[in-house]
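# Sequence first, then the predicted structure:
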Amino acid sequence: MSDLWRTTLIGLMVGMIGTGLGGSMAFLLKNPSKRFLSGIIGLSSGLMVAIVTFELIPEAFMLGGTIQIAVGIAIGAFLASYLDIMISHLYKKSLYGKPGFIKTGVLLGVGIALHNFPEGLAIGSGFVAQSRLGVGLAIVIALHNMPEGLAMVTPMRVGGYSSTKAFLLTLAAGAPMGLGAFVGAFIGTFAYGFIGVCLAFAGGTMLYITFGELIPRAKDLYGGRISTICSIFGFIAGMLISKSF
């Protein structure tokens, strides 16, 4: 197997295994209480904000300028807003489950897929620069994708999707990392500036989805303080994960 296809396969496996491990929580969410689900979504929200704050944006700043990063975040948030409108219209016509929560899961899946591509670029270009760097990036990114899979699968299960369907969708959201690794292996170190903008773009989409969808949905499920407390713990956990690897 050539180095190009080996790198592509590694990127694909990292994306699917990382989000899939988080998505496997779908099989444990049988008949959870609204309080529990609100806490899980709140925890996922905190994890997502921490990943954007301590991983995506700092990495983007290392690879691109301040204006580029700010524009990337703004465009990412704008695109997420546009997708929000489109998906809202789609699910207004649907009687399946609880459309609001399904829409949240779909939006989050799109955001995860979008930012898995530039992470794949990082893995691919890392392997071109140095095999050890590529391996290190692959391990760290796989670990960081686990809470994203959890964040995606929870609202889908609340919305009525089956465990298997929700889990398979988390796997699909990780697949674009393989394409990113393929492209990154081609352009190698010359892609760093582009990767920075892509990471900022992904950060913008994730921030919009977290603040506009996950946190409000957690409050809709249960009006107490559990989602807020879990969000804070999630943020702390995400910070510790980011700074430990």
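Structure received.
# Which strands and helices lie in contact with whichever strand or helix holds Val197?
Secondary-structure assignment from DSSP states H and E places Val197 in helix 192-209. Where contact means 3 or more Cβ pairs under 8 Å, 6 or more residues apart in numbering; DSSP states H and E, helix 192-209 is packed against helix 34-51, helix 57-63, helix 66-92, helix 99-129. Every C-beta, even on glycine, is put in place using the N, C-alpha and C of the backbone.
# worst average pLDDT in the ones you listed?
Among these, helix 99-129 carries the lowest mean pLDDT, at a mean of 73.
# and that one with helix 34-51, angle?
Here the directions of helix 99-129 and helix 34-51 differ by 30 degrees (axes from the mean of the first three to the mean of the last three Cα atoms, to 10 degrees).
# Can you name every helix or strand that helix 99-129 contacts?
Counting contacts by 3+ Cβ pairs under 8 Å, 6+ apart, helix 99-129 is packed against helix 3-23, helix 66-92, helix 131-159, helix 163-174, helix 176-187, helix 192-209, helix 215-221.
# redo that, cut-off 6 Å
Counting contacts by 3 or more Cβ pairs under 6 Å, 6 or more residues apart in numbering; DSSP states H and E, helix 99-129 packs against helix 3-23, helix 66-92, helix 131-159, helix 163-174, helix 176-187, helix 192-209.
# The ones you listed: which one's closest to Ser44?
Comparing the helices and strands packed on helix 99-129 by their distance to Ser44 (Cβ to Cβ), the top pick is helix 131-159, with 3.4 Å.
# Give me the packing partners of that closest one, helices and strands only.
Using 3+ Cβ pairs under 6 Å, 6+ apart, the elements in contact with helix 131-159 are helix 3-23, helix 34-51, helix 99-129, helix 163-174.
# These into TSV, with extra columns for mean neighbour count and distance to Thr228?
Shown next, in TSV, are the helices and strands packed on helix 131-159 (neighbours: other Cβ atoms under 10 Å; distance: least, Cβ to Cβ, whole Å):
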stretch	mean neighbour count	distance to Thr228
helix 3-23	22	22
helix 34-51	24	7
helix 99-129	26	18
helix 163-174	21	25
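# can you tell me which residues contact the closest residue in space to Met48 that isn't next to it in sequence?
Take Met48 and drop its neighbours on the chain: the residue closest to it by Cβ to Cβ, 6 or more residues apart in numbering is Thr210, 4.7 Å away. By Cβ atoms under 6 Å, 6 or more residues apart in numbering, Thr210 lies in contact with Ser45, Met48, Val49.
# now do 10 Å
Contact partners of Thr210, counting by Cβ atoms under 10 Å, 6 or more residues apart in numbering, are 44-49, 51-52, 80, 108, 111, 151, 231.
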